[in-house]
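Participant: Just the structure for this:
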Amino acid sequence: MKLSDKIYVAGHRGLVGSAIVRLLRTRGFSDLITRVHSELDLRDQSVVRNFFAQEKPDIVVLAAARVGGIKANSDAPVEFLIENVEVQNNAISAAHESGVRKLVFLGSSCIYPKLARQPIPESALLTGPLEPTNEAYAIAKIAGIKLCQAFAQEYGTNFISVMPTNLYGPGDNFDLETSHVLAALLRKAHEAKVTRQRELVVWGTGEPRREFLQVDDFASAVLFLLENYDSPEIINVGCGEDISIRCLAELIGEIVGFEGDLSWDRSKPDGTPRKLLDVSKIEKLGWKATIPLRNGIAQTYDWFLKHRARQLANI
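Facilitator: Numbers count the residues shown, from 1 in each chain. You can find the predicted model right below:
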């Protein structure tokens with residue numbers, strides 16, 4: 001990559017896209033293209049084709065997607081499937097037509113089977129049934145992977161697919177209807193502390209294990225792969241360690257300062273029993289996560305207090 005490269009980051013205001021933009025600017029990349037939804041609806045094929053034809057980016061990072069936790073996925077599977085496939089198809093096809101030199105498609109660890117062996121290697125893709133609570137989103141992401149691989153096979157494009165583990169950090173979504181587990185627990189623990197509640201209710205049994213990667217670490221992995229990886233084969237990105245939801249809730253409570261008790265709503269789904277990615281492939285290339293979970297959660301809580309806590313308290 002050259003500092004003069006024209007880079008389009010789709011989804012630049014989201015958790016991942018904003019972290020990637022921050023890092024690119026810090027590293028000296030100045031010709032960055034960003035568009036909000038009102039300026040560019042990635043679901044509109046003709047609009048997307050015109051945008052790519054006019055801007056002609058050298059590099060594309062496709063971080064735009066409809067995302068959410070278990071509840072959001074369960075409530076709106078049609079929207080998660082259709083909208084994500086539309087965005088992917090339009091952006092990836094237009095990137096090829098306009099001569100984009102390299103594209104990074106951001107997938108998800110939910111593409112892997114619910115009962116995949118742990119840690120999950122890239123070869124586990126399509127070897128078993130998916131987790132039902134986010135099946136629609138997973139199918140959309142798998143379609144995006146296969147489209148990138150098809151373009152590479154048929155046209156020789158350098159379109160790579162990156163599979164992140166569960167991400168969190170500055171810019172996260174703290175809406176309890178659509179957020180992921182770490183952000184939801186952080187907000188609930190904060191509000192329980194502020195209102196002096198004696199109990200914090202957590203979904204499920206607390207037994208599932210999850211891996212969490214701070215989003216700035218993930219942004220550094222994306223830039224590393226842009227510079228060092230050119231294969232159409234998918235590649236995992238994670239920290240290589242997991243934690244039970246129970247221990248995560250206890251850690252968040254400690255960081256936030258919530259001194260009450262945890263209780264478990266066993267009527268709510270646990271989701272996949274365990275999800276830990278095999279990150280040996282990217283580590284062999286020379287990248288490794290650097291931000292410990294405790295530090296990352298503390299940084300995220302500081303960001304939440306400065307940017308979201310007062311706003312959410314007034315809703």
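Participant: Need the CA coordinates for stretch 190-207. CSV is fine.
Facilitator: Taking Å, rounded to 0.1, in the frame of the first residue of the first chain, the C-alpha atoms of stretch 190-207 are listed here in CSV:
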residue,chain,number,x,y,z
HIS,A,190,-23.5,1.0,34.6
GLU,A,191,-27.2,1.7,34.9
ALA,A,192,-27.6,-0.8,37.8
LYS,A,193,-24.8,1.0,39.6
VAL,A,194,-26.2,4.5,39.0
THR,A,195,-29.7,3.5,40.1
ARG,A,196,-28.3,1.5,43.1
GLN,A,197,-29.9,-1.8,42.0
ARG,A,198,-29.0,-4.9,44.0
GLU,A,199,-29.3,-7.3,41.1
LEU,A,200,-28.2,-7.4,37.5
VAL,A,201,-30.1,-9.8,35.2
VAL,A,202,-28.0,-11.5,32.5
TRP,A,203,-29.4,-13.6,29.7
GLY,A,204,-28.9,-17.3,29.6
THR,A,205,-27.0,-19.6,32.0
GLY,A,206,-23.6,-17.8,31.9
GLU,A,207,-21.9,-21.0,30.8
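Participant: pLDDT (mean, whole number) over that stretch?
Facilitator: Here stretch 190-207 scores 95 as its mean pLDDT.
Participant: so how far is it off the chain centroid?
Facilitator: Relative to its parent chain, stretch 190-207 has a centroid offset of 25 Å by CA atoms, centre = their mean, to the nearest Å.
Participant: Give me the contact list for that stretch.
Facilitator: With contacts defined as CB atoms under 8 Å, 6 or more residues apart in numbering, stretch 190-207 is touched by 70, 181, 185, 188-189, 244-246, 249, 253, 256-266, 268-271, 273, 301, 304-305, 309, 313. C-betas here are computed from N, CA, C, even on glycine.
Participant: And the helices in this structure?
Facilitator: For the chain, helices defined by DSSP state H occupy the ranges 15-26, 45-55, 70-75, 77-97, 135-155, 181-194, 215-228, 245-256, 280-285, 293-307, 309-313.
Participant: any idea how far the spatially closest residue to residue 260 that is not a sequence neighbour lies from residue 225?
Facilitator: Nearest non-adjacent residue to residue 260, counting by CB to CB, 6 or more residues apart in numbering: residue 198, 4.4 Å away. As judged by CB to CB, to the nearest Å, residue 198 and residue 225 stand 46 Å apart.
Participant: From the neighbour counts alone, determine which of these two ranks first.
Facilitator: Between residue 198 and residue 225, counting by other CB atoms under 10 Å, residue 225 is the more crowded of the two (20 against 10).
Participant: Hmm, residue 140 and residue 81 touching each other?
Facilitator: Yes: the criterion here is CB atoms under 8 Å, and residue 81 meets it with residue 140 at 5.2 Å.
Participant: more neighbours, the two?
Facilitator: Each of residue 81 and residue 140 has its neighbours counted (other CB under 10 Å); residue 140 has more, 24 against 18.
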